[in-house]
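Peer 1: Let me see the structure of the following:
(chains A and B)
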Amino acid sequence: MAEAHPVGFQWVMEAKQRGAKVIHIDPRFTRTSALATTYVPIRAGTDVAFLGGIVRYILENELDFREYVLAYTNAATIVSDDFRDTEDLDGLFSGYDPTTGTYDRTSWQYRGHEEESGGHQTVTERNSAAGLRHESHGAPISGRVMRDETLQHPNCVYQILRRHYARYTPEMVERICGVPRERFEEVARAWTENSRRDRTTMLVYSVGWTQHTVGVQYIRTGAIIQLLLGNIGRPGGGILALRGHASIQGSTDIPTLFNLLPGYLPMPHHAQHATFRDWYTSIQNPGQKGFWANARAFAVNLLKAYWGAAARPENDFCYDYLPRMTGDHGTYQTVFNMIDGKVKGYFLFGQNPAVGSAHGRAQRLGMANLDWLVVRDFFLTESATFWKHSREVETGEIVPERCRTEVFFLPAATHVEKEGSFTQTQRLLQWREKAVDAPGDARSELWFTYHLGRIIRDRLMGSTRPRDRALLELVWDYPTHGPHAEPSAEAVLREINGYDIATRRPLASFTEMKDDGSTLGGCWIYTGVFADGVNQAARRKPGREQSWVAPEWGWAWPANRRLLYNRASADPQGRPWSDRKRYIWWDEESGQWVGEDVPDFEKTKPPGYRAPHDATGVAAIDGIDPFIMQGDGKGWLYAPAGAVDGPLPTHYEPAESPIRNPLYGQQANPVRKLYPRPDNPTNPGPPESHAEVFPYIVTVSRLTEHHTAGGMSRTVRYLAELQPEMFVEVSPELAVERGLTHLGWAHVVTSRSVIEARVVVTDRVAPLRLEGRVVHQIWLPYHFGYEGLVRGEPANDLFGVTLDPNVLIQESKVGTCDVRPGRRPTGPALADLVADYRRRAGLDGHGPPVATADAARPGDDPDPEE
Amino acid sequence: MAESWTAAPANPAERAGYVAPPPRMGFFTDTSLCIGCKACEVACKEWNLIPGSGLDLLGMSYDNTGALTANSWRHVAFVEQSRTAGWQAVPPLAGAPTGAAASPTTAEAGGAASPEQGTLPGVAPAPDPAPAARMAGGGTSLGMPGADLPGRGDRGGRGDLRWLMMSDVCKHCTDAACLDVCPTGALFRTEFGTVVVQEDICNGCGYCIPACPYGVIDQRRGDGRAWKCTLCYDRLRAGRIPACAQACPTDSIQYGELDELRERARVRVERLHAEGVTEARLYGHDPGDGVGGDGAFFLLLDEPEVYGLPPDPVVTTRDLPRMWRRAGIAALAVAAATVAAFVGGSR
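Peer 2: Prediction:
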């Protein structure tokens, strides 16, 4: 965190000065480790084993916050008798289909709900990264479930959890993660001792955690621990994702993703959502508890915001104008489609995939095979110049004179040169004013998008083709100002907030959204940001002038609520768990929930409320159901739906690992998304042979001095000089083993590529002892590329494309490699070197075996496409 | 000209002739809070419009600035040591497998790094890498930044690991030799008690450079004039805090009235000692030291030499009056002898 988020780390330092214990778990000793009270080295890619060990420690020692767990989680819920755990099936859950490499999740359901799951659509869900839509709400599940309040039923979640993690002992953690047993136990003790009625623990991760084939399950394991310890919905608890860029949260709320619409409404799928009704009922999931029952209103308001008067009840509010998904349209599928000539044009808004995305060679070859490419950035990034400066030009794979892609470079305005809002990780919208005019032709994204849309609409004016109607009927009337006709960002925010169409009165809350077309709103969760016609995101009341929760600084979605699920900060009777951690509580006299924050609960629903058996939607939420967006109102220790790769996190080895999975026959995530193509090989690992060709573990991350793919730091002198060259960190032991010298050159090889870097020998990278042998890890920064004041080879070139099946994020934080002294070969010899490695590794074009558990039939590679 | 180093008003601004100056201002840099982000270096350069320092990978941990120079007025040192920080109960790498130490050639390559920047105060990068290689082969640690190369002879196996970070800066000495020796008056004492070079007066004679006991002030190549931290004199006059202190996210760099900072530092050391960080100590806080105390002082976690700081700095002009006295006496004696010779000879 000190390394990648130094400004945020000031609060950790402040907490440390007040006596907080700071634990840092990282493959390499970073600036954070230097300041932490405890540093725990770990093998990259083994976090589920480590955290699973903590789950076991909690359960075996009965250290869970029992009252919280019983009332607020699904610990007591009884799961289908058909469910089989990974302990029974050698690393697979029940329902695995080796021909598709996916699960039928019927047997994972709660008892009595087996046929309501929609659990058969896992291939489609994986291709559309359907897990993403759960960012604001749980997966569909029916409200009424069977429970055993004694937690003794063998199929209740609590007992399933115990059995599932029974073998995640400290010894096993040591074997898998390389974490000494005492160190593991120190973390377990600190975490559990600091989680109770009057204390809470916070889990903070950075988004490198998501870049694994089991990334979603890493975070799920963290969630299980935090729920067991009562650390969710309470002040000082929670799970915090430190985002990699400004407004990453905003870019999923109002998404730049292929599978989501604003407010986590799913992008319609051509087969699943043929009609408007199919679409919104799939979100509502009739019969379940919670606020998604109002999904039709959220959907109507979005369509009204898009198409205004043209969107009417009789034409389903122009639902048919929405594009439909037909499969995987993720960024990596798109890149492979580009290589295959199926994509003609590509927009890059401040993104630099030639350096920042996994498998740089595929990225650059893909971009070299377009008709046109638009790059909007501050500098000529590698993604704008790949056709003349890149590795592939050196090898002859791209010939500048013959590269067919026409690249349009358009200079972009920086964040101080335009107005708008950022949404940070706490869901807080903060408005920023423009400080200076952008130089020259640099313009904001808003300007570019608005005027591009305007020009396209002008060109189409008078067209009678049905396919143009969606564009022509779009409401595209934002007011502009200034010499460049800059659209008003506040006008956009006002539309996002939503308003009553007749009076143009801004809506104060999404509960005011109507499903009859009389209101509109661009993103239901943001409704309220323009309440009373005031830009609430622009509020800047100093902290000392308001309560410690600071509700008048910016605006948080939903409803300016700073802490989600805060009903859980009170006990089932509605009293604070302790005076020290009081936050929201039930006030008997006034008959409502009161406290420091906006209650995340119906304000006047008493703790003793129990819903009638036939209730659905909001009315079905009991007075003790804090997790109001979940289908059963409970925090999910066990996820019967939502994740396509298992209801419980399970340790799988990374897709590329030097060791055999010590826990199960199943080596790696059996549902991971593969693109088995000759240009996307995977390094072999056990149980396959030839793992010794790539004996070392490689992990990458950031340096404080640079930002992501380096386009904003390698180009700035004062930053570039602070880390002026690409380097690789190795341990003294590995340096001796491979003959590497400090500040000398080394090259790192995988089956995709080879890159060279200067060697930094340091004790901060330590070897690990795994399965009785010493395993070396190396570390690389991923900031370098071929442009800028300081240059180096992109670390992401080393990685292939293997994805997490829930969200289609690549495994680019761990892989295997070889390291050799000296500089890499150049020109054609470079390609020969990689080809020779592929030959020695036995990579003749076939993909790795996916299902390696005895329970699955060996053989057939799954079909990656539907 | 020269400020007295003996009994005199405590506030150097008063000694310099300011009548009722504002309180003396300074820095307290608490290295136990430094996270090595280098925001101070960048903020300083941005505000003071300092040229770049050169694009050189130095191999001294994450320090690619190297030293305080004419082009780097804040310098964050990174020191990797096989010791355990006081706040870490367990050695960070305890239990990690050990292996062979790095080869002497590793250290040799490290010693051969030669950056192009400023006049490289302090120890020049070894033109002959052999000493670095000898060091890696065994022998005594010099404790200097960068001397702690991997494979250093005295490593006691894996386990202990500590990464010290420290943002160094001009000390703004109470008794400032650079100011004493400046013939043009380019260097002057401000009303805040700080020491500043006036770039429009400096003639580049370079006398101040060997005079600095810390190796801070430096001549800029291609310019010839001397440059160093001004403690953001322009910002101070506008009632703002220096750029580096403003940018520091963790309050490792604290700016304020020197008396108050010294008290704050005393409390901080006591607190750290109570928490088991017994290695915490102050550097440059004592008005009784060889430079009359620093206007920018530090909380360190090891001996000053480890950070590249002199253990017992002395204002280099301390002995000047005595030397002048002796020279005067000698001159008088010679004169007297001469006179005597003539007088005697005339007899």
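Peer 1: Tally up the residues packed near the residue in the stretch 151-300 of chain B positioned nearest to chain A, please.
Peer 2: At 3.8 Å from chain A, residue B:163 is the closest residue in the stretch 151-300 of chain B, using CB to the nearest CB. Yep, even glycine has a C-beta here, placed from its N, CA and C like the rest. Using other CB atoms under 10 Å in any protein chain shown, residue B:163 has 22 other residues around it.
Peer 1: Please confirm that it is located within a helix.
Peer 2: No - using DSSP: H, G, I helix; E, B strand; the rest coil, the assignment for residue B:163 is strand, not a helix.
Peer 1: Just list the residues touching it, thanks.
Peer 2: By CB atoms under 8 Å, 6 or more residues apart in numbering or on different chains, the contact set of residue B:163 is A:29, A:31, A:33-34, A:764, B:36, B:61, B:78-81.
Peer 1: Counting neighbours, which of those comes out on top?
Peer 2: Of these, with other CB under 10 Å as the count, residue B:36 tops at 27 neighbours.
Peer 1: got a list of what that one touches?
Peer 2: By CB under 8 Å, 6+ apart, residue B:36 lies in contact with A:2, A:31, A:34, A:704, B:62, B:76, B:78, B:163, B:165.
Peer 1: List the buried residues for stretch B:76-94?
Peer 2: For stretch B:76-94, the neighbour count (16 or more other CB atoms under 10 Å in any protein chain shown) marks B:76-88, B:90-94 as buried.
Peer 1: now swap in stretch A:642-656 and tell me
Peer 2: For stretch A:642-656, a neighbour-count test (16+ other CB under 10 Å) marks A:642-656 as buried.
Peer 1: before we move on, what about stretch A:21-37?
Peer 2: Buried-residue list, stretch A:21-37, by 16+ other CB under 10 Å: A:21-37.
Peer 1: Now do the SS call for residue A:728.
Peer 2: For residue A:728, the assignment made with three-state DSSP gives strand.
Peer 1: I figured it was touching residue A:778, is that so?
Peer 2: Yes - using CB atoms under 8 Å, residue A:728 makes contact with residue A:778 at a distance of 5.7 Å.
Peer 1: So for the two, which residues contact both of them?
Peer 2: What both residue A:728 and residue A:778 touch, as defined by CB under 8 Å, 6+ apart, is the set A:748, A:819.
Peer 1: right, and the helix or strand after the lowest-mean-pLDDT helix or strand in chain A?
Peer 2: None of the helices or strands of chain A scores lower by mean pLDDT, DSSP states H and E than helix A:122-127, at a mean of 79. Going down the chain from helix A:122-127, the next helix or strand is helix A:157-164, by DSSP states H and E.
Peer 1: Tell me which other helices or strands that next one touches.
Peer 2: In terms of contacts (3 or more CB pairs under 8 Å, 6 or more residues apart in numbering or on different chains; DSSP states H and E), helix A:157-164 is packed against helix A:47-60.
Peer 1: Show me what the helix it packs on is in contact with.
Peer 2: Contacts of helix A:47-60 (CB under 8 Å, 6+ apart): A:25, A:42, A:63-64, A:158, A:161-162, A:165-166, A:168-170, A:172-173, A:176-177, A:179, A:184-185, A:187-188, A:191-192, A:209, A:212, A:214, A:217-218, A:221-222, A:224-225, A:228-229, A:649-652, A:663.
Peer 1: could you check the angle helix A:157-164 makes with it?
Peer 2: For helix A:47-60 against helix A:157-164, the angle by axes from the mean of the first three to the mean of the last three CA atoms, to 10 degrees is 120 degrees.
Peer 1: Check which residues of helix A:47-60 are buried.
Peer 2: Neighbour counts over helix A:47-60 (16+ other CB under 10 Å) mark A:47-59 as buried.
Peer 1: Check what pLDDT residue 45 gets.
Peer 2: In the absence of a named chain, chain A is used. According to the prediction, residue A:45 has pLDDT 96.
Peer 1: I was after chain B.
Peer 2: 98.
Peer 1: same thing with residue A:737?
Peer 2: Residue A:737 is given a pLDDT of 86.
Peer 1: Excluding chain neighbours, what is closest to the residue nearest the centre of chain A?
Peer 2: The structure's chain A has its C-alpha centroid closest to residue A:210; by CA atoms, centre = their mean the separation is 5.4 Å. Closest residue to residue A:210 apart from its sequence neighbours, by CB to CB, 6 or more residues apart in numbering or on different chains: residue A:809 at 5.1 Å.
Peer 1: what number of residues lie near that neighbour?
Peer 2: Residue A:809: 24 surrounding residues under other CB under 10 Å.
Peer 1: list the contacts for it?
Peer 2: Residue A:809 makes contact with A:210-211, A:215, A:803 under the criterion CB under 8 Å, 6+ apart.
Peer 1: Can you verify residue A:779 is assigned to a helix?
Peer 2: No - read with three-state DSSP, residue A:779 is strand and lies in no helix.
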